[in-house]
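**Student:** build me a model:
(chains A and B)
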Amino acid sequence: EAGVAQSPRYKIIEKRQSVAFWCNPISGHATLYWYQQILGQGPKLLIQFQNNGVVDDSQLPKDRFSAERLKGVDSTLKIQPAKLEDSAVYLCASSSRGLAGGGLGEQYFGPGTRLTVT
Amino acid sequence: KNQVEQSPQSLIILEGKNCTLQCNYTVSPFSNLRWYKQDTGRGPVSLTIMTFSENTKSNGRYTATLDADTKQSSLHITASQLSDSASYICVVSGGITSGTYKYIFGTGTRLKVLA
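**Tutor:** Reported below is the predicted structural model:
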């Protein structure tokens, strides 16, 4: 089966500019996650979707970050305006089962988008 | 506070040698524990998953252990290869908040295997 697709793979922007990332999960996967991974750290969950509804966005900086998953398939994550500390890899993951089942669903990660804010 | 701590932060070994990575967690309630391998420039890939009742799980040259009493896990890599050079991330599922389990990630151990 095809994996999780993300684009672009790399992006360089200046601070205060806007940027958007796109993710296409594995076909049929109802749960989609966006993570932020700062260099040398583990991924941090930004937002979790179950179909097109938000399950958890407690760590999403809502003053500048937004995400949507229209039609319950692909998703976009937007940053507006970007700050220097937003430089990170943004990972998208999907699973066929969400965390309601005890988190037993396998997460499949995309290759990530490396964002550099100058 | 739900946390996952890994040690060492980084490790360098010679090809063919064995190594063991550690993961300690303070996540409650606990559902399961995963080890992921993350190659540079790629997303994490799952190696093993263990639930509360399992204490050993193998995947080729990778063997994970879990001690749910002491809340410790280890990942043992046997006969290391150059391709094992990567970051290894321990992830615990648990810590229910608002009726939803969380995935709690460790910061990873960066392994470098030298020829």
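**Student:** in the chain, which spans are helices?
**Tutor:** The chain I'm using is chain A. For chain A, applying DSSP state H gives no helices.
**Student:** need the helix or strand of chain B with the lowest average pLDDT.
**Tutor:** When the helices and strands of chain B are scored by mean pLDDT, DSSP states H and E, strand B:100-105 comes last with a mean of 80.
**Student:** and that strand, which strands flank it?
**Tutor:** In its sheet, strand B:100-105 lies beside strand B:86-97 (antiparallel), with partners assigned from DSSP bridges.
**Student:** give me the number of neighbouring residues for residue 2.
**Tutor:** Using chain A here. 8 (other C-beta atoms under 10 Å in any protein chain shown). C-beta: built from backbone N, CA, C; applies to glycine.
**Student:** you answered for a different chain; I wanted chain B.
**Tutor:** 16.
**Student:** show me where chain B has strands.
**Tutor:** Here chain B has its strands, by DSSP state E, at B:4-7, B:10-14, B:19-25, B:30-38, B:45-51, B:56-59, B:62-67, B:72-77, B:86-97, B:100-105, B:109-114.
**Student:** pLDDT below threshold where in the chain?
**Tutor:** Defaulting to chain A. Low-confidence segments of chain A, defined by pLDDT under 70: A:1, A:97-104.
**Student:** think we crossed wires, I meant chain B
**Tutor:** B:96-100.
**Student:** run through the residues of it sitting next to chain A.
**Tutor:** B:4, B:31-32, B:41-46, B:49, B:51, B:89, B:91, B:93-94, B:97-103, B:105-108 (C-beta under 8 Å from any C-beta of the partner chain).
**Student:** make it 7 Å
**Tutor:** Residues of chain B found near chain A (C-beta under 7 Å from any C-beta of the partner chain) are B:31-32, B:42-44, B:46, B:89, B:93, B:100-101, B:103, B:105-108.
**Student:** related to what we said a few turns ago, quick check: angle from the least confident helix or strand of chain B to strand B:30-38?
**Tutor:** Angle between the axes of strand B:100-105 and strand B:30-38 is 40 degrees (criterion: axes from the mean of the first three to the mean of the last three C-alpha atoms, to 10 degrees).
**Student:** ok, of the residues of chain B next to chain A, which come out buried?
**Tutor:** Among the residues of chain B next to chain A, those buried by neighbour count (16 or more other C-beta atoms under 10 Å in any protein chain shown) are B:31-32, B:43-44, B:46, B:89, B:93, B:100-101, B:103, B:105-108.
**Student:** can you list those residues in a markdown table and add distance to residue A:77?
**Tutor:** Formatted as a markdown table, these follow (distance: C-beta to C-beta, whole Å):
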| residue | distance to residue A:77 |
| --- | --- |
| B:31 | 26 |
| B:32 | 27 |
| B:43 | 15 |
| B:44 | 18 |
| B:46 | 23 |
| B:89 | 21 |
| B:93 | 23 |
| B:100 | 20 |
| B:101 | 22 |
| B:103 | 18 |
| B:105 | 18 |
| B:106 | 23 |
| B:107 | 22 |
| B:108 | 22 |
